[in-house]
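> Give me the fold of what follows.
(chains A, B, C and D)
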4 protein chains.
Amino acid sequence: MIRVGVIGYGYWGPNIVRNFQQAEGSLVVAICDKSDKSLRRAHQAYPGVRVSSEADDLLTAVDIDAIAVVTPVWTHFELAKRALENGKHVFVEKPFTSTVAQAEELIELAERKKLKIMVDHTFLFTGAVRRIRQLIDSDTLGHLYYYDSTRVNLGLFQHDVNVIWDLAPHDLSIMDYLCGQEPIAISATGVKHLNTPYENVAYVTVHFEGNFIAHFHLNWLAPVKVRRTLVGGSKKMIVYDDMENSEKVKVYDKGIVQSHDPQRRERMLTGYRNGDMLAPQLEASEALRRMAQEFVSSIMEKRAPLSDGHAGYRVVRLLEGAQRSIEENGRVIDLRESQLPMRGIFAASTVAAAD
Amino acid sequence: MIRVGVIGYGYWGPNIVRNFQQAEGSLVVAICDKSDKSLRRAHQAYPGVRVSSEADDLLTAVDIDAIAVVTPVWTHFELAKRALENGKHVFVEKPFTSTVAQAEELIELAERKKLKIMVDHTFLFTGAVRRIRQLIDSDTLGHLYYYDSTRVNLGLFQHDVNVIWDLAPHDLSIMDYLCGQEPIAISATGVKHLNTPYENVAYVTVHFEGNFIAHFHLNWLAPVKVRRTLVGGSKKMIVYDDMENSEKVKVYDKGIVQSHDPQRRERMLTGYRNGDMLAPQLEASEALRRMAQEFVSSIMEKRAPLSDGHAGYRVVRLLEGAQRSIEENGRVIDLRESQLPMRGIFAASTVAAAD
Amino acid sequence: MIRVGVIGYGYWGPNIVRNFQQAEGSLVVAICDKSDKSLRRAHQAYPGVRVSSEADDLLTAVDIDAIAVVTPVWTHFELAKRALENGKHVFVEKPFTSTVAQAEELIELAERKKLKIMVDHTFLFTGAVRRIRQLIDSDTLGHLYYYDSTRVNLGLFQHDVNVIWDLAPHDLSIMDYLCGQEPIAISATGVKHLNTPYENVAYVTVHFEGNFIAHFHLNWLAPVKVRRTLVGGSKKMIVYDDMENSEKVKVYDKGIVQSHDPQRRERMLTGYRNGDMLAPQLEASEALRRMAQEFVSSIMEKRAPLSDGHAGYRVVRLLEGAQRSIEENGRVIDLRESQLPMRGIFAASTVAAAD
Amino acid sequence: MIRVGVIGYGYWGPNIVRNFQQAEGSLVVAICDKSDKSLRRAHQAYPGVRVSSEADDLLTAVDIDAIAVVTPVWTHFELAKRALENGKHVFVEKPFTSTVAQAEELIELAERKKLKIMVDHTFLFTGAVRRIRQLIDSDTLGHLYYYDSTRVNLGLFQHDVNVIWDLAPHDLSIMDYLCGQEPIAISATGVKHLNTPYENVAYVTVHFEGNFIAHFHLNWLAPVKVRRTLVGGSKKMIVYDDMENSEKVKVYDKGIVQSHDPQRRERMLTGYRNGDMLAPQLEASEALRRMAQEFVSSIMEKRAPLSDGHAGYRVVRLLEGAQRSIEENGRVIDLRESQLPMRGIFAASTVAAAD
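Sure thing, here's the model as predicted:
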């Protein structure tokens, strides 16, 4: 039985507690939050779980095997580091850390202590993303051409981060998981409105070897909620619309076909290929539940979890690159300058199977 | 009566002929095309109109007052220049020219000869765009925050231009007309697939003074047809979806409201404002018909037409900038380096009323 | 403080308990269910509430002021009757009773004992339905022409009732609340599939004085979930689509206009009126919470609740009529044969204000 | 070469002329209309075709092989009868005739004279309906459960017929073609608004042997345009939405599965079957063109066309039955009372292949 202590019981914490409580093989034994009100809510919902306003009570508790860090991003590094130092596995809310350097240090520390890190990339555990991964793995889509993501809505302006750090971790982690290619450069642009210190509209472009490109539209100030991703492949193309009640994933048998112009052999003619559209039935089980189970299982089976520290690192590396690009007016940031041997890390972790 | 000669009777030419035939005050008297098959089609449809395979027959005809150039973009400059030199007004298919220098030369020539230039920015004459312009003019939207446009579909790969030169003229001309702000810089990125020489997926960002930004997603290789624009303003926001059968324009009374945190006066709190959505009834008349009429009227009333040479120039300037940015790997191109006194031109033409 | 006992803790009961627990002025003190498993769930969620497998424990408890009956429809009458006989107010899950005679008896009993009856017509408390009622009350729609409702999905075949008794209470109660007109006749048709004893597809038509008509399409065997109602009025028309995430209610300024044919004065010409569409922002508060509060308030304020016994009666009368029509192969059933003085009852209860 | 004379050049006539002009093997040689304005339009569009205001000029012309009757329904019988009497094949706009007796007389006359009758049931020639027919023919849907059709919009009130005679011929002919079952009874209800003499909202139910049912919702006074049909089968279910730009036909692998309750063997449990949704690519060719071709081919190949007189008869029989039901306040009208040996006619014509 993995005994879990959860630090942070604000907006997202209750979901984490509920799911670790329900997962097989885990039990939440302590909840920590700075706010008395949150602690009272926690106690009311889980009378048998001890509560505390001091993170140290959990980080040093001898009866706790794993710490879930569900706090603002700028606190992740300190809390996760102390958890690892105290011999505890860590589950960290996305994004993993504030900097690449912090991510590297945590990964290195966990490997040294033989502990697991898992990052809360929830969407990787949805039926929709899992199904798209299967379609890519089985070469149904063929060679990937582009990944185009839009995540916009009328959202609360965060007080500590811009719209990229708030919304893009979802999409970057999905893209990282689905496309399995190593980015070589990133650029971003954004604007601030209403005299706020952080960008509330941003566009991020990730460049890859070959002719694959990924693009992300992020916006806290949109009149409608859009969560739509297009994935173009040489064989098939996908529309993944998370706002659909059903049929979230649509697979189009469409594309371009080329042939030599019979009049002028040197000229290529392009034509359409218009086939059927298939919306596969998706697994209905709750993503959070599945994610909590993956963390527990990875500890018990002594293997890396699906969205491990390296996955978290890769997302933070993109966030940091996007941030730098925005600060340098959209300059294209070369990601190959990074210090860690990225290729190796990347290759290893994308091979990990989902189940 | 304005007597019109139409050069080019391929895909778009028949629409131009039909509309100049139906407009009040104009008459198509000659049609030119290199292809015999096209000329036969023209003759069959309009037995009373003379046809020719030689542009010169029209460019030098004494009974022709205006030339409509409906040919590939690389031929626009030569044909329009000779029409102007021969004392004829010109109507030019979008995009106006292949280069900014060409656009400048034509504008200068037309002004010297006191002739009119109109560019086929058809969307400016749709009920949807006209209505959005009214909403902006009446300050219903307030201060503009962003303009976000998506125009993607499974489209034929053009043989002579990339997806930006093919699709973006629509959106750039709409933005130019609606937003009435002078762009200061542009950047673009794109990729080529299927061994074609031109980009088939591209993203273009236009930067303005202040905190207004415009972004364009263009794609010939998308499984679904999307033509959707979001316009964010401080008072209201718009979704303009050209694929809707009705309700193409939706005006959302939504936004962010700010107030001082009562606990900590120095901190701003942001909250939502969620009001009604209004889809105004749009004019139903045909855009092309209205555009043809505008050209004829501008000649008769000796005034600049709505989408005049300057409007065409501004769009070409953005296309050229985007092209240069793509070639320089996404470098942000400063548009203020341009030679023409843009501010003056711009201010003059955006003041022009639509009707 | 109104002390509530809840009988039935299956699918819907937990929602009722939660809402009476949270409403101001009420407290759930006891929960009853035949199933041990349900009682354990109840105890776990509400350790301070006493549980019992015997309804009598609640019906006769001296510390209980009101009984919520959340059990299968065929048990409603007995439980509600005994609650009233024991001096307790009753809240009854929809549909109110199995027969009109039962509804009449309960209403008469409650009036004699000066107790309140409320029926769980939840949709009356949604922001959407409340807003439509306001639009009708303010004569924004004008004279009503038709009410057309579709409620279909792939649903579980119930074991004790047909699709009309399962789904139509929602729509009949909404129509009753919105339209405020007395039905004079009803007809229904339906079919059974898969060798089941109850109709799983049905169409119900309700006839009114004048030219108003209401129609209901109910289906447990549809591939898509549709919950859409059209309301046509002489001034405006409404589409109420409960499957929309936002913009559930759309008000169309559309209609037909008539004029005399100038050629032949005796002939009427009809033309369209096509105006704007408005989607009003709706209240976001939870319908169930609002409904629980209405029951509690009606007891404390000694007034009839919004969806009182008479409202329940009127819905049962329509269900019973539809049932009879189906059994008689679609014969139109005259509702004016009913024994109760309907007009009086109806007039009284539709006047009741929502808040 | 089949030489065609077209009587009626109002709203629909020009489409018929254009398609018989373009079909292989036919040629329009004469056009007739009472209105001078229409004749001038006809002459302008087709200078080589002779025009006349007298139907007799066409009906008796020796150089005409077939007459297309594109006039108001009350004139169909007389014109078609005289065409047949003069030895000409007839193509008749839907609905075929005003009464069943007229349809019978025309069929009998054509058979005697060995001439062809085709009724303009255009939708039978669309890619969508053809594809659904293939799915039914191949037993992909399994046993049919229901056919539910909605055709509503803000439409012009016709001066000579009610909404059933105006809109239902489309849906009744589609259902007749797709379902291939003999109706045994029909009922209908409708209302009139705005002091017009004809119903503008109507509901029609068609009853079949076994547990198959068809239902039609028709409305000229709806704020939105809906053209949606659900077809439920034991194996798969279809949504056919003619307002979709693409994906008009969606095939759902959904349904109900039954099993014996392990606790109580005599009780059946029902559960869902939720599989993939497939939207097949549809043929893009124009329905009208294909229909014109079918008429010409049927004459040349001396076989019955797809939508022959019997198909027209079956639709008129349903219209007449619906009309009678409305007049008798919704009484269920037994269709087996009809005089013609329906079963034979029906069986023969539904066997006819589409191509």
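> Now do the contacts for A:Tyr145.
Counting by C-beta atoms under 8 Å, 6 or more residues apart in numbering or on different chains, A:Tyr145 touches A:211-213, A:232-234, B:191, B:193, B:201, B:221. The way it works is simple: take the backbone N, C-alpha and C, and place the C-beta from them, glycine included.
> Next, format these as a markdown table and append distance to chain C and pLDDT.
Compiled in a markdown table, the contacts of A:Tyr145 are given as follows (distance: C-beta to the nearest C-beta, whole Å; pLDDT from 0 to 100):
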| residue | distance to chain C | pLDDT |
| --- | --- | --- |
| A:Asn211 | 36 | 92 |
| A:Phe212 | 32 | 96 |
| A:Ile213 | 30 | 97 |
| A:Gly232 | 27 | 97 |
| A:Gly233 | 28 | 96 |
| A:Ser234 | 32 | 95 |
| B:Val191 | 34 | 96 |
| B:His193 | 35 | 93 |
| B:Val201 | 30 | 97 |
| B:Leu221 | 29 | 95 |
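> Of those, grab the buried ones for ChimeraX.
Entered in ChimeraX, the line below selects the buried ones among the contacts of A:Tyr145, by 16 or more other C-beta atoms under 10 Å in any protein chain shown:
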select /A:211,212,213,232,233,234 /B:191,193,201,221
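> Of the contacts of A:Tyr145, which belong to strands?
Judged by DSSP state E, the contacts of A:Tyr145 include A:213, A:232-233, B:191, B:201, B:221 as members of strands.
> What is the nearest of those to chain D?
Within these, the smallest distance to chain D is 16.3 Å, found for B:Leu221 (C-beta to the nearest C-beta).
> Enumerate the residues of chain A near chain C.
Taking C-beta under 8 Å from any C-beta of the partner chain, the part of chain A that reaches chain C is made up of A:47, A:224-225, A:243, A:245-246.
> if we look at chain D, which of the contacts of A:Tyr145 are close to it?
Within the contacts of A:Tyr145, nothing lies near chain D by C-beta under 8 Å from any C-beta.
> Show me which of the residues of chain A next to chain C are buried.
A:Val224.
> Name the nearest of the residues of chain A next to chain C relative to chain B.
A:Val224 (5.7 Å).
> report the angle between the axes of the strand or helix carrying that closest one and strand B:221-233?
For A:Val224, the element it lies in under DSSP states H and E is strand A:221-233. With axes from the mean of the first three to the mean of the last three C-alpha atoms, to 10 degrees as the basis, strand A:221-233 and strand B:221-233 are set at 170 degrees to each other.
> is the closest residue to A:Ala30 other than its chain neighbours in a bridge, and if so with what?
Spatial nearest neighbour of A:Ala30, excluding adjacent residues (C-beta to C-beta, 6 or more residues apart in numbering or on different chains): A:Gly5 at 4.3 Å. With DSSP bridges applied, A:Gly5 shows beta-bridge pairing to A:Ala30, A:Ile67.
> A:Leu218 now?
Counting by DSSP bridges, the residues bridging with A:Leu218 are A:Arg151, A:Ala202.
> what residues are up against it?
A:151-152, A:163-164, A:166-168, A:171, A:201-204.
> how near is it to chain B?
11 Å (C-beta to the nearest C-beta, to the nearest Å).
> looking at it, the residue nearest to A:Ala30 is touching A:Asp33, isn't it?
No. Using C-beta atoms under 8 Å, A:Gly5 is not in contact with A:Asp33; the gap is 11.7 Å.
> What residues of the longest helix along chain A count as buried?
When chain A is parsed with DSSP state H, its longest helix is helix A:309-327. Residues of helix A:309-327 classed as buried: A:309-323, A:325-326 (neighbour count, 16+ other C-beta under 10 Å).
> for the nearest residue to A:His143 once chain neighbours are set aside, what are its contacts?
Leaving out its chain neighbours, the residue that sits closest to A:His143 by C-beta to C-beta, 6+ apart is A:Ser234, at 4.2 Å. By C-beta under 8 Å, 6+ apart, A:Ser234 lies in contact with A:141-145, A:255, B:193.
> which phi and psi does the closest residue in space to A:Thr126 that isn't next to it in sequence have?
Leaving aside its chain neighbours, A:Thr126 sits nearest to A:Ala287 (4.4 Å; criterion: C-beta to C-beta, 6+ apart). Per-residue torsions, A:Ala287: phi -60, psi -40 (degrees, to the nearest 10).
> measure A:Ala287 to A:Pro305 for me?
14 Å (C-beta to C-beta, to the nearest Å).
> Can you tell me the element the closest residue to A:Ile326 other than its chain neighbours falls in?
When the adjacent residues along the chain are set aside, A:Ile326 lies closest to A:Ala188, with 4.9 Å between them (C-beta to C-beta, 6+ apart). Following DSSP H and E, one finds A:Ala188 within strand A:183-191.
> list the contacts for A:Pro47?
C:Pro47.
> so where do the strands sit in the stretch 51-200 of chain A?
Along the stretch 51-200 of chain A, counting by DSSP state E, counting those that start in this stretch, strands occupy A:66-69, A:89-93, A:117-120, A:144-154, A:183-191.
> How far does the fourth one sit from its chain's centre?
Centroid separation for strand A:144-154 versus its chain: 14 Å, with C-alpha atoms, centre = their mean, to the nearest Å.
> Tell me the buried residues in the one helix or strand A:Ala292 maps to?
Element membership for A:Ala292, per DSSP H and E: helix A:287-300. For helix A:287-300, burial by neighbour count (16+ other C-beta under 10 Å) applies to A:287-299.
> ok so, going back, quick one: the residue nearest to A:Ala30 and chain D, what's the gap?
Applying C-beta to the nearest C-beta to A:Gly5 and chain D gives a distance of 39 Å.
> ditto for A:Asp36
45 Å.
> Correct me if wrong: that residue contacts A:His43.
No. Checked against C-beta under 8 Å, the pair A:Asp36 and A:His43 is beyond contact range at 10.4 Å.
> okay, the two: which has more neighbours?
A:His43 (14 against 10; other C-beta atoms under 10 Å in any protein chain shown).
> excluding its backbone neighbours, what's nearest that one?
A:Val51 (5.4 Å).
> ok, how many other residues are close to the one you found?
Neighbour tally, A:Val51, other C-beta under 10 Å: 19.
> helix/strand/coil for whichever residue of the stretch 1-150 of chain A sits closest to chain C?
At 7.4 Å from chain C, A:Pro47 is the closest residue in the stretch 1-150 of chain A, using C-beta to the nearest C-beta. What DSSP: H, G, I helix; E, B strand; the rest coil gives for A:Pro47 is coil.
> measure it to A:Ile31 for me?
The value you get for A:Pro47 to A:Ile31, if C-beta to C-beta is used, is 12 Å.
> Is A:Thr196 in contact with B:Asn211, as I believe?
No. Counting by C-beta under 8 Å, A:Thr196 stays clear of B:Asn211, with 10.2 Å between them.
> so where's the stretch 201-350 of chain A shaky on pLDDT?
A:337-350 (pLDDT under 70).
> That one against chain B: which residues are in contact?
Residues of the stretch 201-350 of chain A lying near chain B (C-beta under 8 Å from any C-beta): A:201, A:203, A:205, A:207, A:211-213, A:215, A:217, A:219-224, A:230, A:232, A:234, A:237-239, A:250, A:252, A:254-256, A:258, A:267-268, A:270-272, A:274, A:277, A:329-332.
> Would you show me how to pick out the buried ones of the residues you listed in PyMOL?
Command for PyMOL that selects the buried part of these, burial taken from 16+ other C-beta under 10 Å:
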select buried, chain A and resi 201+203+205+207+211+212+213+215+217+219+220+221+222+223+224+230+232+234+237+238+239+250+252+254+255+256+268+270+274+277+330+331+332
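> Surely A:Glu105 touches A:Leu84?
No. Using C-beta under 8 Å, A:Glu105 and A:Leu84 do not qualify as a contacting pair, with a distance of 9.7 Å.
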